[in-house]
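Novice: below: sequence and its predicted model.
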Amino acid sequence: MKIHSGHNLQIPYAAGLVLALLIIGFTGNIQLADAADTYEIDTAHSMILFRAKHMGITYNYGRFNEFTGKITMDEDVSKSMVEFEVKTASVDTANEKRDQHLRSSDFFSAKQFPVITFKSTKVSMKEGEEDVLEVTGDLELLGVKKSITVDVEITGKGKARGGESLIGFESVFTIKRSEFGMTYGAGAVSDDIRLTVSIEAKGE
């Protein structure tokens, strides 16, 4: 990808995650109500970051500023679910010219594919870990849907000032952008994209 910023940085970003994005939103060995509870992602206290390597030399970083998500948490972890949506046009690398290129058809095709989505299909506790989940779900980027499985750490729980329940998660994982059809800049920009998804969710 050619970036007209004077620094010739090249950053492809497949995220998502995700989204997977991202890819978060469940419960481990945390005591929950008998019935399933619904939580909304608190975007003011959450973040989706991505990292790509440029020319095999240095790592460049970016983020997505607009995303939403709903989490259903159940005492039976296998019944927990998450739906997540990331707006591709919200990509932010602190360089507007580069961000415009990332929104183009060379990368995210933000007009044609305005969102990246993730929907869980399976949630379980990671064997031998008290506060780590294995989350499997469908990540859709550029119209390509792939199943991914990631580890999700439960980082804490508590109460908001208004009394609402809070719970936090973090997942760090890597996807290959080429698997979603994002091949522009191959050779100059790494195929492997590392995503960090840090989430705070608030009970409705």
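Specialist: Happy to help now that I have it.

Novice: helix, strand or coil for residue 149?
Specialist: The local conformation at residue 149, judged by DSSP: H, G, I helix; E, B strand; the rest coil, is strand.

Novice: so what's the closest residue to it other than its chain neighbours bridging to?
Specialist: Leaving aside its sequence neighbours, residue 149 sits nearest to residue 136 (C-beta to C-beta, 6 or more residues apart in numbering; 4.4 Å). Bear in mind the C-beta positions are built from the backbone N, C-alpha and C, glycine included. For residue 136, the beta-bridge partners are residue 122, residue 149 (DSSP bridges).

Novice: can you give me the pLDDT of residue 136?
Specialist: pLDDT for residue 136: 97.

Novice: isn't it up against residue 121?
Specialist: Yes. At 5.4 Å, residue 136 counts as touching residue 121 under the criterion of C-beta atoms under 8 Å.

Novice: can you pull out the helices in the protein?
Specialist: 96-103 (DSSP state H).

Novice: returning to what we had before: tally of neighbours for the residue nearest to residue 149?
Specialist: Applying other C-beta atoms under 10 Å, we find 14 residues neighbouring residue 136.

Novice: start the count at 9 instead of 1 going forward.
Specialist: In the new count, where the first residue is 9, that last one comes out as residue 144.

Novice: give me the low-pLDDT residue ranges for this protein?
Specialist: 9-43, 212 (pLDDT under 70).

Novice: residue 178: what's it in contact with?
Specialist: 32, 160, 161, 163, 204, 205, 206, 207 (C-beta atoms under 8 Å, 6 or more residues apart in numbering).

Novice: could I get these as CSV with neighbour count?
Specialist: CSV is the format used below for the contacts of residue 178 (neighbours: other C-beta atoms under 10 Å):
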residue, neighbour count
32, 34
160, 26
161, 18
163, 13
204, 19
205, 33
206, 18
207, 29
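
Novice: just the residues you listed now: which is nearest residue 120?
Specialist: Checking the contacts of residue 178 against residue 120 with C-beta to C-beta, the nearest one is residue 205 at 24.2 Å.
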